[in-house]
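>>> Build me a model:
(one chain, ligands or ions: 1)
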Amino acid sequence: MENFDLERSPDGDLLRVAKPGPDLLRYPLYNKGTGFTHAERRKLGIEGLLPAEYNDIDTQAERIFKSIFYNRDDVGRNIGLAMLQDRNEVLFYKLLSQHIEEVMPIVYTPTVGDPLVDKNLLRKIRFAASLPNIHTQFLFTNGILLDRFGYDEILTSGITRLALSTYVGTRDGYKRFYGTDKYDKVVANLLGICRRNRELGSPVNITLHLRVSRDEGQWRETDTFKALAELIGEENIDFLTSYDAWSGMIGGDDVPEGCSIVEPIPIEEKQKVPCFELYRRLHVLSDGNVGACVCMDMEGEINVGNVNEQSLLEIWRGEKLKNYRREWVKGNLPQVCQKCTRYTPLTEFIEESRTRILTDYIGRSFPRLFKWVLEFQARRRAENLDSF
Ligand code: SF4
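Alright, predicted model coming up:
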């Protein structure tokens, strides 16, 4: 439902939309929530789908501001604002313009940023690692704050994989990508933690994901790349040259020279088989809400429950998640999935990941055996690197 006509008149603007009915409420640009008058609701066929009371936009903005900022936690506020933007974009910007000082720092970083910003992060990781059914923990970081807690503290915290996403090449190049002058610190951190990991017998699987411009070959020739490749193995390094469009927010002009935007697959094609993320894992947000796609659904549109009301197992086996899968094949994809470029059909994922699925299953069913296999692999890798 992309088509609309805007008629401007001295009495106000009139927006004619392509399709009335419940669909209208799913589009954040057109959804006015309780701002639809009763006459509009009758005309548009959405009577009974909204709370009975009509509120003008100022009343709506004040009420939503109080409800979001009642939460004292910035991450909770950030999630509340993101969910509002997904539901009702006009109201979101109204709120932003009326409370710019309070809202701006919440909407943008550092509220949502590198996990190492969280001073309690390692405490949380250690706690999770002490639980009987948690065998793997991934930490993704841009590397700037790796020295904040000390390399040993991070490597022995309980994480099993450390994914470093950054740029390696020149100081100027780093500044162009990130807008800060932290290149020397980042390189020292990458080398420091990779070296220490190797000295400790590689307890953590470290992977490096490099953003580059132009030909990646030139970056492979740098001393930093060579040193890192020797420490963690070149097979653990990849280059990011194609970027997600993030539902149209990123365009071709936004990506570095020589890189491209991935084109979304049409819905008709996607609806044949549900996305593998709906069968793979759950993620828990700071307010207890549980989502099914940790990959792209940062704001939790695909909500399948809340850990304050149900256990994760109940949520995993629950009707809400099943319903998302059922609706998918009817063509009713969540909004975040419609233009998503990370979609992978479940069938393709199973085909390509048979070994990994089996290993994960064994890992869950026989944790001690799996731990021994992992340690054995790490020892072998360290021995191979030593003899290199
Ligand atoms: S299509 Fe994209 S957003 Fe939807 S579940 Fe798959 S990866 Fe997540």
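
>>> near the ligand, which residues of the protein?
Counting by C-beta under 6 Å from any ligand atom, the chain comes close to the ligand at 275, 277, 278, 293, 295, 296, 297, 336, 337, 340, 342, 343. Just so you know, the C-beta spots here come from the backbone N, C-alpha and C atoms, and that holds for glycine as well.

>>> residue contacts, the closest residue to residue 330 other than its chain neighbours?
Closest residue in space to residue 330, ignoring its immediate chain neighbours: residue 271 at 7.4 Å, by C-beta to C-beta, 6 or more residues apart in numbering. By C-beta atoms under 8 Å, 6 or more residues apart in numbering, the contact list for residue 271 reads 328, 329, 330, 331, 333.

>>> before we move on, what about residue 57?
If you count contacts by C-beta under 8 Å, 6+ apart, then residue 57 has 32, 35, 90, 91, 94 around it.

>>> Identify the farthest-apart pair in those.
Largest separation among those by C-beta to C-beta: 32 and 94, giving 10.8 Å.

>>> When those two are compared, which one has more neighbours?
residue 32 (21 against 18; other C-beta atoms under 10 Å).

>>> Can you verify my assumption that that one contacts residue 90?
Yes - counting by C-beta atoms under 8 Å, residue 90 is a contact partner of residue 32 at 6.8 Å.

>>> any idea how far the residue nearest to residue 330 lies from residue 327?
Distance, residue 271 to residue 327, using C-beta to C-beta, to the nearest Å: 10 Å.

>>> quick one: secondary structure of the residue of the stretch 1-150 of the chain found nearest the ligand?
Proximity of the stretch 1-150 of the chain to the ligand (C-beta to the nearest ligand atom) peaks at residue 86, 12.5 Å away. Put simply, residue 86 is helix when judged by DSSP: H, G, I helix; E, B strand; the rest coil.

>>> quick one, what contacts it?
28, 299, 301, 335.

>>> returning to what we had before: joint contacts of residue 271 and residue 327?
Joint contacts of residue 271 and residue 327 (C-beta under 8 Å, 6+ apart) are residue 333.

>>> ok so, going back, show me which of the contacts of residue 271 are buried.
328, 333 (16 or more other C-beta atoms under 10 Å).

>>> Output the contacts of residue 271 as TSV; include the columns distance to residue 264.
Below are the contacts of residue 271 laid out as TSV (distance: C-beta to C-beta, whole Å):
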residue	distance to residue 264
328	16
329	19
330	19
331	15
333	11
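
>>> Which ones among the contacts of residue 271 lie within strands?
Nothing among the contacts of residue 271 maps onto strands, per DSSP state E.

>>> What ranges does this protein have for its strands?
Under DSSP E, the chain gives strands at 4-9, 12-17, 138-141, 161-166, 205-211, 237-240, 242-243, 260-261, 283-284, 289-291, 303-306.

>>> list the contacts for the closest residue in space to residue 184 that isn't next to it in sequence?
Of all residues not flanking residue 184 in the chain, residue 171 sits nearest, at 7.1 Å (C-beta to C-beta, 6+ apart). Neighbour list for residue 171: 181, 183, 184 [criterion: C-beta under 8 Å, 6+ apart].

>>> quick revisit: now, among the contacts of residue 271, which is nearest to the ligand?
residue 333 (7.2 Å).

>>> that older thread, neighbour-wise, which of the contacts of residue 171 leads?
residue 183 (21 neighbours).

>>> what's the closest residue to that one other than its chain neighbours in contact with, if anything?
Counting by C-beta to C-beta, 6+ apart, residue 183 lies nearest to residue 174, which is 3.8 Å off, once chain neighbours are set aside. Contact analysis of residue 174 by C-beta under 8 Å, 6+ apart lists 166, 167, 181, 182, 183, 186.

>>> Quick check: the fifth one vs the ligand, distance?
Pointing back at residue 183 there. Distance of residue 183 to the ligand, computed by C-beta to the nearest ligand atom, to the nearest Å: 32 Å.

>>> My read is that that residue contacts residue 175, right?
Yes - counting by C-beta under 8 Å, residue 175 is a contact partner of residue 183 at 7.1 Å.

>>> Look up how far residue 29 lies from the residue of the stretch 1-150 of the chain closest to the ligand.
11 Å.

>>> now swap in residue 195 and tell me
For residue 195 relative to residue 29 (C-beta to C-beta), the value is 51 Å.

>>> more neighbours, those two?
residue 195 (16 against 12).

>>> Could you double-check that residue 321 sits in contact with residue 315?
Yes - taking contacts as C-beta under 8 Å, residue 321 lies within contact range of residue 315: 7.0 Å.

>>> okay, now the spatially closest residue to residue 341 that is not a sequence neighbour: neighbour count?
In space, and not counting its chain neighbours, residue 341 is closest to residue 262: 4.0 Å by C-beta to C-beta, 6+ apart. Neighbourhood size, residue 262 [other C-beta under 10 Å]: 13.

>>> and the least confident of the contacts of residue 86?
For these, the model is least confident at residue 299; its pLDDT is 70.

>>> For that residue, the count of nearby residues, please.
That count, for residue 299 with other C-beta under 10 Å as the rule, works out to 20.

>>> Report the separation between it and residue 243.
19 Å.

>>> ditto for residue 271
25 Å.

>>> repeat for residue 362
From residue 362 to residue 243 the distance is 35 Å (C-beta to C-beta).

>>> and those two? which has more neighbours close in?
Counted by other C-beta under 10 Å, residue 362 and residue 243 do not tie: residue 243 has more neighbours, with 18 against 13.

>>> surely the more buried one meets residue 262?
Yes - between residue 243 and residue 262 there is a contact under C-beta under 8 Å: 7.0 Å.

>>> all helices for the stretch 251-388 of the chain, in order.
267-270, 312-316, 319-329, 335-338, 346-352, 354-365, 367-386 (DSSP state H, counting those that start in this stretch).

>>> Look up the closest residue to residue 24, ignoring the ones flanking it.
With C-beta to C-beta, 6+ apart as the criterion, residue 24 has its nearest non-adjacent residue at 5.4 Å, and that residue is residue 30.

>>> Please report the number of neighbouring residues for that neighbour.
20.
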